[in-house]
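K.L.:
Sequence and predicted structure are below.
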Amino acid sequence: MTQAAPATTDRLSLKTKLGFGLGGAAETVALYSVSSFALLFYSQVKGVDAHLVGLAISISLILDAFSDPIIGSLSDRTHSRWGRRHPYLFASAIPVGLSVWAIFSPPAGLSEMGMVIWLGVAVVLMRQAMTFFYVPHLALGGELSGHYTERSKVMAYYSFFNWAGGSLTTILALRLFFPTTPEFPRGLLNPVPWSAYAVTIGIITTVALTASAWLTRDRIPFLPKPAPDTPKFSVLEFGRDLGKALSNINYVWLLAAYFFVALMIGLREGLRLYAATFYWDLSSETLSWFVLGSLAGYLTAFVFAPRLHGRIDKKRTIIYAALAYSLVPPIPLVLGMMGILSPSTPGLAPLLIAFAAVQYGAISILQISVMSALADIADQNELKFGVRQEGVLYATRTMAGKIDLAVGTAVAGVVITLIQLPKTAKSAADVPPDVLFNLALWDSVMAAIPGLIAVGFYSLYGINRQSYEATRAALMKKRAALQTAAPPEPPPKGGLAPSPVPAE
C-alpha cells in the first residue's frame, strides 16, 4: 500500500516547475547529441559503415530499454529520507556527463570495428546512467500534482525544456563548434571540433541534472512514499508490478501507440541531418535557424496544450497531434520529389522552418498529453491496487519506445547503406539524384506510416475528464480513510520539513 503524501495544494510553484523542466533539458542535451549526431559523426567523419553505427546504437537502446521498468519498480519501492526518486537523480549526474563525453571521443588509432565497439559500449553506459535519472524523473513529474490540468502544465514545462536542451545543443554544434569553413562547407563534417564539443556537452549535462534534483528536493515531503510494510524489490515483486501496470487496458493502448510513434521518430531522427545536409544542401548556419521553428512550435504547445486538455480533453488532443506529426513533416520532401521544391527554390529555408514549427508543436503537444495521461492512469491503478506506480508506468512506456526507437535507428542506418549514400560526400553535388530521391522517400512517406498506425491505437484510449473526476473522488475518499486509521509520522530530518507552497 502506498502512503499518501501530507496534504498540500496541487498548484505548484514556478521554481518547482522550472526545476523539473531543467531535468528534461539535460536529458535532451545528452540523448539528442547521440540520436542526431552520432550516426553522422561515425559514418561521415570517421568513415564507419552506417549500418554498423546504427546497429551499435540500436543494441544499446535495446539493452537500456529492459532496465527501464526495473529502475521504475525499484524507485517505486525505495525508502529513504530523500524520498523515492531523488537518490537516483543525484547519483546519476556525473556518470551521464562522463559517458556523453566518451561517445564523441573515441581513442585515436582504432579500427573500424574498434570504433563500433567503443561507440556501443559508451552509449550503453550513457543510457544506463541516464536511466537512473530519466525514469525516476518522469515518475516525479507524474506525482508532483493530482490536478487534471496542473499535471499537463508540469509536462508542458518538461516538453518546453526538452526543446531548450535540443536547441542549446543545436546552437552550440552548428554555430560555435561546426561553422562553415572553406575546407568544410558543411561544418558537421569537420573532425577537429568534436573533442571540444564532447567535453562541453558532458559538463552541461552533469550541471543541469544536478540542478534539477536540487531545485525539486523541497517537494519530497509532499510526495507519495511506499508504506513501511511494502515488500522490497525482487524479481517476484517486479513481475507483480508489471502485471498491475499492464492490466490497465488504457495503458496498453498508449504503449501500443507509442511503439509506432517511436519507430517513426527513430527513422526521422536518423535521417534528418542527412536530408538537411544532402537533399536540401543546407549549411550549418542555415540549419541553426531551425531553432526558431522549433521555438515557435514548443511555445505554442507550452501555452495551448493544457488549455486544449480543458476544452477538448486529452484524448482528442493526442489524436490530432499524432495526425499532424505524421502528415505535416513529409510535405516539403514530397513536394521536392514532385519537382516543386529544390535547394534553389527562393525562400526555401523560411518555408522549411515554418513546417518545422508545426512538426515540433505537434510532437510537443503529443508528448505533454501522453505524459499527463499516464498520471491519470496511475490514479486508476492506485484506486485498484493501493499503490502508486508512476515509476513502472513511465518506465515500461519508455522501454517500449526505446526498443522501437532502436529499430528505427537501425533502419535509418540500413537505409543510408541501402540507398548507397557515398561515405565521402561533402555536399548535395556529391550524391547521385536517385540516391537523393530515395533518401527523401524514406524520410517522408515511409516514416509517416507508423505514425498513422499509432493514431488508431490512440483512438482506443478511454480516460476522459469525467472518468478522471470519478477516479479522483474515490481515491481521495480511500486516502482519507487510510490517513484516519494510521498514526501521524514525524517530519523528516535534514531541512526537508514540509512548508507551504504558494499557488501561482
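P.N.:
Done, it's in.
K.L.:
make it CA atoms for all contacts and neighbour counts henceforth
P.N.:
Noted.
K.L.:
Give the other helices and strands that the host helix or strand of residue 333 contacts.
P.N.:
Taking DSSP states H and E as the criterion, residue 333 maps to helix 330-337. Using 3 or more C-alpha pairs under 8 Å, 6 or more residues apart in numbering; DSSP states H and E as the contact definition, the elements that helix 330-337 packs against are helix 433-441.
K.L.:
got the residue ranges for the strands in this structure?
P.N.:
2-3, 225-226 (DSSP state E).
K.L.:
rank those by mean pLDDT and give me the bottom one.
P.N.:
Sorting these by mean pLDDT places strand 2-3 lowest, at a mean of 56.
K.L.:
Export only the CA atoms of the helix holding residue 333, formatted as CSV.
P.N.:
Coordinates of the C-alpha atoms in helix 330-337 are reproduced here as CSV (Å, rounded to 0.1, in the frame of the first residue of the first chain):
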residue,chain,number,x,y,z
PRO,A,330,6.7,14.9,-45.1
ILE,A,331,5.1,17.6,-47.1
PRO,A,332,8.3,19.6,-48.2
LEU,A,333,10.1,16.3,-49.1
VAL,A,334,7.1,15.1,-51.1
LEU,A,335,7.0,18.4,-52.9
GLY,A,336,10.7,18.0,-53.6
MET,A,337,10.2,14.6,-55.1
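K.L.:
got any ranges where this structure has weak pLDDT?
P.N.:
For the chain, applying pLDDT under 70 flags the ranges 1-10, 227, 397, 400-406, 482-483, 485-504.
K.L.:
what do you get if the cut-off is 50, keeping everything else the same?
P.N.:
For the chain, applying pLDDT under 50 flags the ranges 1, 6-8, 492-504.
K.L.:
give me the number of residues near residue 252?
P.N.:
17 (other C-alpha atoms under 10 Å).
K.L.:
now swap in residue 465 and tell me
P.N.:
18.
K.L.:
try residue 14
P.N.:
Residues lying near residue 14 (other C-alpha under 10 Å) number 14.
K.L.:
from the middle of its chain, how far away would stretch 111-129 be?
P.N.:
Relative to its parent chain, stretch 111-129 has a centroid offset of 21 Å by C-alpha atoms, centre = their mean, to the nearest Å.
K.L.:
Mind exporting the C-alpha coordinates of that stretch to CSV?
P.N.:
Output in CSV follows, covering the C-alpha atoms of stretch 111-129 (Å, rounded to 0.1, in the frame of the first residue of the first chain):
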residue,chain,number,x,y,z
SER,A,111,40.0,0.2,-36.4
GLU,A,112,36.5,0.4,-37.9
MET,A,113,35.3,-2.4,-35.7
GLY,A,114,37.1,-0.9,-32.7
MET,A,115,35.2,2.3,-33.2
VAL,A,116,31.9,0.4,-33.4
ILE,A,117,32.7,-1.4,-30.2
TRP,A,118,33.7,1.8,-28.5
LEU,A,119,30.5,3.6,-29.6
GLY,A,120,28.4,0.7,-28.5
VAL,A,121,29.9,0.4,-25.0
ALA,A,122,29.9,4.2,-24.5
VAL,A,123,26.3,4.6,-25.5
VAL,A,124,25.3,1.6,-23.3
LEU,A,125,27.0,3.2,-20.3
MET,A,126,25.4,6.6,-21.0
ARG,A,127,21.9,5.2,-21.4
GLN,A,128,22.2,3.0,-18.3
ALA,A,129,23.4,6.0,-16.3
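K.L.:
could we number from 9 for the rest of this?
P.N.:
Happy to do that; since the first residue is 9 now, the last one works out to stretch 119-137.
K.L.:
mind listing what's buried in that stretch?
P.N.:
For stretch 119-137, burial by neighbour count (16 or more other C-alpha atoms under 10 Å) applies to 120, 123-137.
K.L.:
what comes into contact with the helix holding residue 341?
P.N.:
349-350, 360, 363, 445, 448-449, 451-453, 456 (C-alpha atoms under 8 Å, 6 or more residues apart in numbering).
K.L.:
need the longest helix for the chain.
P.N.:
Secondary structure of the chain per DSSP state H: the longest helix is helix 356-393.
K.L.:
re earlier: tabulate the contacts of helix 338-345 (CSV), appending distance to residue 395 and neighbour count.
P.N.:
Listed next are those as CSV, based on distance: C-alpha to C-alpha, whole Å; neighbours: other C-alpha atoms under 10 Å:
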residue, distance to residue 395, neighbour count
349, 55, 16
350, 56, 17
360, 47, 18
363, 43, 21
445, 52, 18
448, 48, 25
449, 47, 17
451, 43, 26
452, 43, 24
453, 43, 16
456, 38, 25
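K.L.:
give the contact list for residue 461.
P.N.:
Taking C-alpha under 8 Å, 6+ apart, one finds 265, 268 in contact with residue 461.
K.L.:
how far away is it from residue 278?
P.N.:
20 Å (C-alpha to C-alpha, to the nearest Å).
K.L.:
Could you do residue 301 as well?
P.N.:
Using C-alpha to C-alpha, we find residue 301 at a distance of 20 Å from residue 278.
K.L.:
Comparing those two, which residue is more hemmed in?
P.N.:
Set residue 301 next to residue 278 and count neighbours by other C-alpha under 10 Å: residue 278 wins out with 28 against 22.
K.L.:
Not counting residues beside it along the chain, what's closest to residue 134?
P.N.:
residue 107 (4.9 Å; C-alpha to C-alpha, 6 or more residues apart in numbering).
K.L.:
How about the contacts made by the one you found?
P.N.:
130-131, 133-134, 210.
K.L.:
if you look at the residues you listed, which of them are in helices?
P.N.:
Going by DSSP H, the helices hold 130-131, 133-134, 210 from these.
K.L.:
In CSV, list these along with distance to residue 52.
P.N.:
What follows is these, written out as CSV (distance: C-alpha to C-alpha, whole Å):
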residue, distance to residue 52
130, 19
131, 19
133, 24
134, 22
210, 22
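K.L.:
between those residues, which is closest to residue 373?
P.N.:
residue 134 (27.5 Å; C-alpha to C-alpha).
K.L.:
who are the neighbours in contact with that closest one?
P.N.:
Taking C-alpha under 8 Å, 6+ apart as the test, what residue 134 contacts is 103-105, 107-108.
K.L.:
number of nearby residues for the nearest residue to residue 216 once chain neighbours are set aside?
P.N.:
Nearest non-adjacent residue to residue 216, counting by C-alpha to C-alpha, 6+ apart: residue 34, 5.5 Å away. Residue 34 sits with 32 neighbouring residues when counted by other C-alpha under 10 Å.
K.L.:
if I pick residue 34, what's in contact with it?
P.N.:
Counted by C-alpha under 8 Å, 6+ apart, residue 34 has contacts 170, 173, 212-214, 216-217.
K.L.:
quick one: it from residue 355, how far?
P.N.:
Distance from residue 34 to residue 355, by C-alpha to C-alpha: 34 Å.
K.L.:
quick one on the thing from earlier: which of the contacts of residue 34 ranks first by neighbour count?
P.N.:
When neighbours are counted by other C-alpha under 10 Å, residue 217 leads the contacts of residue 34 with 30 neighbours.
K.L.:
Look up how far residue 166 lies from that residue.
P.N.:
Taken as C-alpha to C-alpha, the span from residue 217 to residue 166 is 13 Å.
K.L.:
which neighbours do those two share?
P.N.:
Shared contacts of residue 217 and residue 166, defined by C-alpha under 8 Å, 6+ apart, comprise 30-31.
K.L.:
correct me, but residue 425 touches residue 61?
P.N.:
No: the pair residue 425 and residue 61 fails to qualify as a contact (C-alpha atoms under 8 Å) at a distance of 10.7 Å.
K.L.:
more crowded one of the two?
P.N.:
residue 61 (27 against 16).
K.L.:
Looking at the contacts of helix 338-345, which two lie furthest apart in space?
P.N.:
The distance between the two most remote of these (C-alpha to C-alpha) is 21.2 Å, for 350 and 456.
K.L.:
Now residue 68: closest residue in space, sequence neighbours ignored.
P.N.:
residue 132 (4.7 Å).
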